[in-house]
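Student: sequence and predicted structure below; questions after.
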Amino acid sequence: TYLCNGDNEIYEESKNTVYSYEDYHKVNLNLFSGYECDHDGLRKLQKDFNRWCKEIMSVTFKHPKSGKIFRLNMKNYMNINDAIYKMVKNFSGLNLKELLEPVNKQEFLIIEEMLYNAGLMTFDTNCKNETLDVWGYDFSSEYPNSLPNIILPKKPGKKYVIDNINFERIPFGFYRVKIRHTNPNFLKVFNFSKKHHYTSQQLRELYKVRQIFGLEFELLEPDDEFKYNAYIYPEKEFVEMKIVFKTWLENMMKIKSVCSKDNQLIKRLISSAWGCFTQCNKVKITPDDDGVLDIDTNEYYIKKINNNGEYECIPYDNICKHGGFYRLKPFLTVSVRNFMLRYAVRNHILDDIVRIHTDSYMLKKEVNFCTELNKGIVPKPESKSTGRIKFYNV
């Protein structure tokens, strides 16, 4: 069911099995929150969406080369991801396709299967089934704010077998290391990789706080499953992401400052950037009538099985829609996890942490983070995670 812009008529259309109702619902109706799945909900979304677009268009920009004044008209783009990519490209003035070499099969499999690439999610298990007074604090747009501050390798790396690690001068890459700890607070600020793969930035950060948490590091030997213990990128072959995202982010925040607080469109344009740039090319393959699936696993990575029995696969010869930007997946997420760990240690809140979710803390006490120590980088009190709350899990 859809509603055309400028039209009060509701149109209904049957979708074939490829677009089952459940998949269609997830993609189209949950993009923005607060709208019911009915005609009135569609009309409300139409009205709000048009208002959001006008707010975004109210800000003018000067083209860096021609000097012409222009505005961002969201209705000129096919979808959110199309808008994000083109805006980043235009504001940076770069040919993004030629900036980074694409990830290859070997690199992709390590990133996809061996590393922990999610946000930091921890819970003090001593608080399970307890009702506590807690105070929530949230860093606004931490993922977008971190985008200009990281670097990405230009090219894929190579697997190596090394004898030891110099943690203070560790080459950029991934390492198979077993981490042990004695301080239980470590579990409040760290998520382990099930396959013992960690980025060089992560290991360097942990080495700095090894005495606080009683950390020990064991470089694992090659074995039957892993013929390597390091994946290292070429030296001095990196791109600073500030040349890609800095101007874009500044202009997005400029737009956000004049938009209404309920403008979900500008918020999504900002928060979805790293997801847009790490999108994989996916091919849907359906088993034949006898249930036989004709997939060459040397050519395709099986991502998941949809509810209608389709296999969602990623071709190894064309993995990411935006080539080497897939490397944002491990290096951006670890940058934010490192930040949350470092900030907790610096502000002496380890004993008070009940829960961490991505870029927010829930603490057992109220804290004033506005100190010279934090150089103006402070989380905002968050009402939805503040109060008397019963905890069951993370």
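Tutor: Thanks, I have the structure now. Numbering: from 1, shown residues only.
Student: confirm for me that Asn191 is in contact with Met340.
Tutor: No - counting by CB atoms under 8 Å, Asn191 does not reach Met340; the two are 10.6 Å apart. From N, CA and C alone the C-beta is placed, and that goes for glycine too.
Student: ok, Ser383 - contacts?
Tutor: Taking CB atoms under 8 Å, 6 or more residues apart in numbering, we find Ser383 in contact with Gly136.
Student: how far away is it from Thr182?
Tutor: 37 Å (CB to CB, to the nearest Å).
Student: ok, Asn298 next?
Tutor: Using CB to CB, one gets 44 Å for the distance from Asn298 to Thr182.
Student: ok, now Pro315?
Tutor: Taken as CB to CB, the span from Pro315 to Thr182 is 46 Å.
Student: contacts only, for Val258.
Tutor: So Val258 contacts Glu55, Ser58, Val59 (CB under 8 Å, 6+ apart).
Student: out of those, which end up buried?
Tutor: Glu55, Val59 (16 or more other CB atoms under 10 Å).
Student: quick one, helices of the stretch 151-300 of the chain?
Tutor: Ranges of helices in the stretch 151-300 of the chain, per DSSP state H, counting those that start in this stretch, are 200-208, 210-213, 242-258, 264-271, 273-277.
Student: out of these, which gets nearest to His39?
Tutor: Of all the helices of the stretch 151-300 of the chain, it is helix 264-271 that lies closest to His39, at 20.3 Å by CB to CB.
Student: for that closest one, name the packing helices and strands.
Tutor: The elements that helix 264-271 packs onto, with contact taken as 3 or more CB pairs under 8 Å, 6 or more residues apart in numbering; DSSP states H and E, are helix 39-57, helix 80-92, helix 142-146, helix 242-258.
Student: what are the buried residues along it?
Tutor: Gln264, Leu265, Ile266, Lys267, Arg268, Leu269, Ile270.
Student: which among the residues you listed gets closest to His357?
Tutor: Of those, the one sitting nearest to His357 (CB to CB) turns out to be Lys267, at 17.6 Å.
Student: what sits against the residue lying closest to the closest one once chain neighbours are set aside?
Tutor: Spatial nearest neighbour of Lys267, excluding adjacent residues (CB to CB, 6 or more residues apart in numbering): Lys256 at 7.3 Å. Lys256 sits next to Asn263, Ile266, Lys267, Ile270 when contact means CB under 8 Å, 6+ apart.
Student: okay, the last one and Val334: tell me how far apart.
Tutor: For Ile270, the distance to Val334 under the criterion CB to CB works out to 21 Å.
Student: please apply the same query to Asp163.
Tutor: Distance of Asp163 to Val334, given as CB to CB: 25 Å.
Student: what about stretch 297-314, average pLDDT?
Tutor: Across stretch 297-314, pLDDT averages out at 84.
Student: and it, what's buried?
Tutor: Those would be Tyr300, Tyr301, Glu310, Tyr311, Glu312, Cys313, Ile314, for stretch 297-314 by 16+ other CB under 10 Å.
Student: in the strand or helix carrying Thr333, what's buried?
Tutor: Element membership of Thr333 [criterion: DSSP states H and E] is helix 328-346. For helix 328-346, the neighbour count (16+ other CB under 10 Å) marks 328-341, 343-345 as buried.
Student: same check, this time on stretch 144-154
Tutor: Buried-residue list, stretch 144-154, by 16+ other CB under 10 Å: Pro144, Asn145, Ser146, Leu147, Pro148, Ile150, Leu152, Pro153, Lys154.
Student: among those residues, which pair sits farthest apart?
Tutor: Going by CB to CB, the pair spanning the buried residues of stretch 144-154 furthest: Asn145 and Lys154, at 23.6 Å.
Student: circling back to that earlier point, looking at Pro315 and Thr182, which is more packed in?
Tutor: Ranked by neighbour count (other CB atoms under 10 Å), Pro315 and Thr182 place Pro315 first, with 14 against 9.
Student: what's near enough to touch that one?
Tutor: Asn281, Val283, Glu299, Tyr300 are the contacts of Pro315 under CB under 8 Å, 6+ apart.
Student: quick one: those residues as JSON lines, columns for distance to Phe172 too.
Tutor: Output for the contacts of Pro315, formatted as JSON lines (distance: CB to CB, whole Å):
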{"residue": "Asn281", "distance to Phe172": "26"}
{"residue": "Val283", "distance to Phe172": "32"}
{"residue": "Glu299", "distance to Phe172": "29"}
{"residue": "Tyr300", "distance to Phe172": "29"}
